[in-house]
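**Student:** Dropping a prediction and its sequence here:
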Amino acid sequence: MSDWVILLPAFVMMALMIATHTYLGLHVLARGIIFVDLALAQIAALGVSIAFLFGQESHGLASQAYAFGATLIAAFGFAKLRELPNKTAREVTIGCVYVVATALSIVILSRSSQGMEELKAMFNGNILWVQWQEITVVAIAYLVLSVLHFIYYRQFKALSFKPDEAEENQVNRPSFLWEFLFFATFALTITLAVNVAGVLLVFAFLIIPAFSASIIIESFLNRLLVGWSMGILGSAIGLWLSLWADLPVGATVVSVLGMVPIIAILIRVFKRGG
Amino acid sequence: MRLIVKVVLFIGIVCSSSVSATVKIVTTTQDLASIARSVGGEYVEVKSLTLGTRDPHFAEAKPSMIRKVYRADLLLLIGADMEIGWLPALLRSARNRDVQAGANGYLDLSTSVNLLGKSEQSVDRSMGDVHAKGNPHYWLDPNNGIKISRLIAERLITLDPEHQQEYQQQQKIFENKLALKILDWQKELLPLSDQPVVAYHKSLIYLANAFNFKIVAEVEPKPGIAPSAKHLNKLVSLIEKQKIKILMTEPYYERRSSKYLNEKTNIQIAVLPQSVGAMPEMLNYIDLFDGIVASLKQAGDF
């Protein structure tokens, strides 16, 4: 087995994540609720902790169902966020959800050492050991979600980018349902990714490519394309570095991705100068 | 120019043939690696997946681990669920049929020894990281080191019958050397026999068994779970009541609880290396017990 074959499953999984997460990241940035994904990821972890409490194995389907159920409830709550008076109140709510979900997981798992290990694993992830079967499941789910978002591209975009207009134009369809649908798809995307890649990598893929692209370029589609390219490039370099220096894959990739916004800022400065 | 090409080709052939002649062994811990090296000698090439400085229950996923397992002819593991958290995933990713469970290249050394601490009732996670199959820290009884070396020799002979004699000889040399050392260590630790001690984790029952001391309590209330203040205070009264003199812990466990007990009761802390490589001077399985014995003698002041 040559070296790149070792990293191929991890790379394919990362590519799938970059494809979906950059898109969702642009939405989240536009809404100004950046930490909603951390909160959702932590809720997913809480779901797995509860599954533990009832004696389920950590990577089984049952614990996945618990995780998704928990995030779905949270998605319902987050869909109501718009009813809050201002941005600060929304961010505070999200922050509270994150902190309390984390604390609850720790309390639930404090009686079980392997549970604590599980919590750590959920944060760091082990993308290196991802299996092709897992990737297939994720790929199919992401394909379905992508088709959904492609068909209703306008509705979803209007919700994030022109919220007032969206509410006016859809008198016959309650806006809340669309909000819920958005957060539900978001929750499913994250639950699947957290399970294999860990919270750290999920958060990095959601924010960094989308943010970096937003620094350089304007329209939604351009940002998506630039974000994808930057994400893929950063991941490839990170993977290569982890192989070359034998470092943990997820954390190395995140460290490399950290350089991307800096490069984006440099490009912006250079463009202005030119 | 042609000559250079020929020389390079020749060297390549020589190298590749000499490499293919050795059995490539990959082990989950450095202890097994050390014993395998003693038994296999020059006919094997041994690599360990984890370092002796780390807790072998956990391992960080690194690309090199997949590479090592993929290229191995023989995988040696501690077993008894010691590596349950990471080895199955690694074996799936490495896709090397020769070392999958059940194959000749897969050797679970826990089958060579009598495991202690087997749980009678069913184990669930609320009990901490209890091992249903028995306590997996069995390499800490040097008598088990002998059993491990025998099983490794047996398997090496199956895989590489050409060197049967050498493996048998080398195993015998290792066994004799270790047996002599065991007598020394037992003599040195005689003052400890029948003495009550406290251990941090439930990992030292084999050592206690080998050298005849009694672990009356653990700092951890349940394996893998850090102690609460209430539990520590209970330990303080127990230590004072039974006049316990030594607390044994491993380098990678938190030291704060042990220090607290030391301050309250003046119990001496013995930091025991638990694996080959736990400290830089511990190069092999015999060094490991030399280190353990020295550390116990210092703490017990005998």
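**Tutor:** Good, I have the coordinates.
**Student:** Give me the neighbour count for the nearest residue to A:Ile73 once chain neighbours are set aside.
**Tutor:** In space, and not counting its chain neighbours, A:Ile73 is closest to A:Ile43: 7.9 Å by CB to CB, 6 or more residues apart in numbering or on different chains. Quick note: C-beta positions are derived from backbone N, CA and C, even for glycine. Per other CB atoms under 10 Å in any protein chain shown, the neighbour tally for A:Ile43 reads 30.
**Student:** And B:Leu74, by the same measure?
**Tutor:** For B:Leu74, the count of nearby residues is 26 (other CB under 10 Å).
**Student:** Report the beta-bridge partner residues of it.
**Tutor:** B:Ile25 (DSSP bridges).
**Student:** returning to what we had before: mean confidence score for the helix or strand harbouring the residue nearest to A:Ile73?
**Tutor:** Using DSSP states H and E, A:Ile43 falls within helix A:36-53. Mean pLDDT, helix A:36-53: 86.
**Student:** now stretch B:202-211
**Tutor:** Mean pLDDT, stretch B:202-211: 92.
**Student:** Could you do stretch B:69-77 as well?
**Tutor:** Mean predicted confidence for stretch B:69-77 is 95.
**Student:** again with stretch B:30-43
**Tutor:** Averaged over stretch B:30-43, pLDDT sits at 96.
**Student:** ok, now stretch A:250-270?
**Tutor:** Confidence over stretch A:250-270 (mean pLDDT, whole number) is 93.
**Student:** one step back: buried set for the helix holding A:Ile43?
**Tutor:** Within helix A:36-53, the residues scored as buried using 16 or more other CB atoms under 10 Å in any protein chain shown are A:36-53.
**Student:** Stretch A:184-196 near chain B at all?
**Tutor:** No - on the criterion CB under 8 Å from any CB of the partner chain, stretch A:184-196 is out of touch with chain B, staying 10.8 Å away.
**Student:** Same question for stretch A:242-256.
**Tutor:** Yes - applying CB under 8 Å from any CB, one finds stretch A:242-256 touching chain B at A:242-243, A:246-249.
**Student:** List the contacts of that stretch.
**Tutor:** Under the contact criterion CB atoms under 8 Å, 6 or more residues apart in numbering or on different chains, stretch A:242-256 has outside partners A:3, A:6-7, A:10, A:14, A:124-128, A:197-198, A:200-201, A:204, A:234-235, A:237-239, A:241, B:60-64.
**Student:** Distance from whatever helix or strand B:Ile66 lives in to the middle of the chain?
**Tutor:** Following DSSP H and E, one finds B:Ile66 within helix B:63-71. Here the centre of helix B:63-71 is set off from its chain's centre by 20 Å, with CA atoms, centre = their mean, to the nearest Å.
**Student:** now do stretch A:233-247
**Tutor:** 21 Å.
**Student:** Tell me, how many residues neighbour the residue in chain B positioned nearest to chain A?
**Tutor:** For chain B, the residue closest to chain A is B:Gly224, as judged by CB to the nearest CB, at 2.6 Å. Using other CB under 10 Å, B:Gly224 has 19 other residues around it.
**Student:** what are the phi and psi angles of it?
**Tutor:** When read as degrees, to the nearest 10, the backbone of B:Gly224 gives phi 90, psi 0.
**Student:** Can you name the residues that contact the residue nearest to A:Ile73?
**Tutor:** A:70-71, A:73-74, A:97, A:101.
**Student:** Which of those residues sits closest to chain B?
**Tutor:** Set against chain B, the nearest of these by CB to the nearest CB is A:Ala70 (19.1 Å).
**Student:** Check the gap between the closest residue to that closest one other than its chain neighbours and chain B for me.
**Tutor:** Closest residue in space to A:Ala70, ignoring its immediate chain neighbours: A:Gly47 at 3.3 Å, by CB to CB, 6+ apart. Per CB to the nearest CB, to the nearest Å, A:Gly47 is found 16 Å from chain B.
**Student:** does A:Leu247 sit in a helix, a strand or a coil?
**Tutor:** At A:Leu247, secondary structure determined by DSSP: H, G, I helix; E, B strand; the rest coil is coil.
**Student:** What is the burial count for it?
**Tutor:** The number of residues packed near A:Leu247 is 18, by other CB under 10 Å.
**Student:** tell me the phi and psi of it?
**Tutor:** Per-residue torsions, A:Leu247: phi -120, psi 160 (degrees, to the nearest 10).
**Student:** Send me stretch B:201-220 as PDB with only the CA atoms.
**Tutor:** Only the C-alpha atoms of stretch B:201-220 are listed here, as PDB (Å, rounded to 0.1, in the frame of the first residue of the first chain):
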ATOM      1  CA  HIS B 201      -4.900   2.200  39.200                       C
ATOM      2  CA  LYS B 202      -6.000  -1.400  39.200                       C
ATOM      3  CA  SER B 203      -3.000  -2.200  37.100                       C
ATOM      4  CA  LEU B 204      -0.600  -3.700  39.600                       C
ATOM      5  CA  ILE B 205      -2.300  -6.800  40.800                       C
ATOM      6  CA  TYR B 206       0.100  -9.000  38.800                       C
ATOM      7  CA  LEU B 207       3.100  -7.300  40.300                       C
ATOM      8  CA  ALA B 208       1.600  -7.800  43.800                       C
ATOM      9  CA  ASN B 209       1.000 -11.400  42.900                       C
ATOM     10  CA  ALA B 210       4.600 -11.900  41.800                       C
ATOM     11  CA  PHE B 211       6.200 -10.300  44.700                       C
ATOM     12  CA  ASN B 212       3.700 -11.200  47.400                       C
ATOM     13  CA  PHE B 213       2.500  -7.800  48.600                       C
ATOM     14  CA  LYS B 214      -1.100  -6.800  49.200                       C
ATOM     15  CA  ILE B 215      -2.900  -3.900  47.400                       C
ATOM     16  CA  VAL B 216      -5.600  -3.000  50.000                       C
ATOM     17  CA  ALA B 217      -7.000   0.000  48.200                       C
ATOM     18  CA  GLU B 218      -6.900   2.000  45.000                       C
ATOM     19  CA  VAL B 219      -6.700   5.800  44.700                       C
ATOM     20  CA  GLU B 220      -9.200   5.600  41.900                       C
END
